[in-house]
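[1] kindly return the folded structure for what I paste below:
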Amino acid sequence: MKPEAAKPRRRSIRLKGWNYAQTGAYFVTVCVQNRECPLGNVVGDAVVRHESGRLVESCWKDLRQRFPGLELDAFVVMPNHVHGIIVIDPVGAGLALPDHLGKGEPGAASSAPTDDVAPGGPTLGDIMRAFKSISAIAVNRHLGRRGQSFWQRNYYEHIIRDEAELNRIRDYIIHNPLQWMLDRENPLGTRARPDEPWQV
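    The predicted model follows:
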């Protein structure tokens, strides 16, 4: 009898050592399963959202009521993914990025002041799980689908290090519909763009 093959372990894309409950700004992207495009269409330089896209946007906005100390910044619904900026601010410091971001080694949680973490406060993972679950239920109900995954299993996140990067990412999100034909998530696009053009 052959030994059972070990299941491949999924590699974490989170930054090792970083405390995702501490004060910080995060750029997140969530993609629809199989690159389907149920959220809307890009017409010219704007996204015309379907009802599914409106439901997703509503679930995103509702995160503020669900998680005290959470701020939402730039956000866009694309045909098959969303981009947004989440600011976790458990001590009420406001949107300005705290001084410790971008200093020291990337992912060094010890560089963050301990009072920037609310005891038992939500992590970015908690927030994203809630968003994906609630929005998937709402959209699947609207589409009359049962037992189907709506979002891809994981999500992309990037820790925003300073105000200049925050502004570049805001600009990327706001102008994302203009790049749809070059977007790697567009099943009909040319996918000729760099992976993260906002870093240029």
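[2] from now on I want contacts and neighbour counts done on CA atoms only, so please keep to that.
    Fine.
[3] verify the contact between Arg146 and Asn140 for me.
    Yes. Applying Cα atoms under 8 Å, one finds Arg146 in contact with Asn140, separated by 6.6 Å.
[4] okay, the two: which has more neighbours?
    Using other Cα atoms under 10 Å as the criterion, Arg146 and Asn140 rank with Asn140 on top: 16 against 9.
[5] who's in contact with that one?
    Going by Cα atoms under 8 Å, 6 or more residues apart in numbering, Asn140 touches Arg146, Gln148, Phe150.
[6] make it 7 Å
    For Asn140, the contact set (Cα atoms under 7 Å, 6 or more residues apart in numbering) comprises Arg146.
[7] what's the helix or strand for it?
    In the assignment (DSSP states H and E), Asn140 maps to helix 124-143.
[8] buried ones in the helix or strand following that helix?
    The helix or strand immediately downstream of helix 124-143 is strand 156-160, counting by DSSP H and E. Burial within strand 156-160, assessed by neighbour count using 16 or more other Cα atoms under 10 Å, is assigned to Glu157, Ile159, Ile160.
[9] identify the residues contacting the first one.
    Think Glu157. Tyr26, Phe27, Val28, Thr29 are the contacts of Glu157 under Cα under 7 Å, 6+ apart.
[10] in a strand, the last one, correct?
    Spelled out, that is Thr29. Yes. With DSSP: H, G, I helix; E, B strand; the rest coil as the criterion, Thr29 is part of a strand.
[11] distance check, it against His81.
    7 Å (Cα to Cα, to the nearest Å).
[12] more neighbours: these two, which one.
    Taking other Cα under 10 Å, Thr29 and His81 do not tie; His81 has more neighbours (23 against 18).
[13] now do the more buried one against Glu163, distance only.
    25 Å.
[14] swap in Ile137?
    Distance, Ile137 to Glu163, by Cα to Cα: 35 Å.
[15] then Ser135?
    30 Å.
[16] in terms of neighbours, single out the busier of these two.
    Ser135 (22 against 15).
[17] residues in contact with the more buried one?
    Counting by Cα under 7 Å, 6+ apart, Ser135 touches Leu55, Val56, Cys59.
[18] one more pass at 10 Å, please.
    Listed by Cα atoms under 10 Å, 6 or more residues apart in numbering, the contact set of Ser135 reads Ser52, Gly53, Leu55, Val56, Glu57, Ser58, Cys59, Trp60, Arg129, Arg141, Phe150, Trp151.
[19] the third one belongs to a helix?
    Yes. With three-state DSSP as the criterion, Leu55 is part of a helix.
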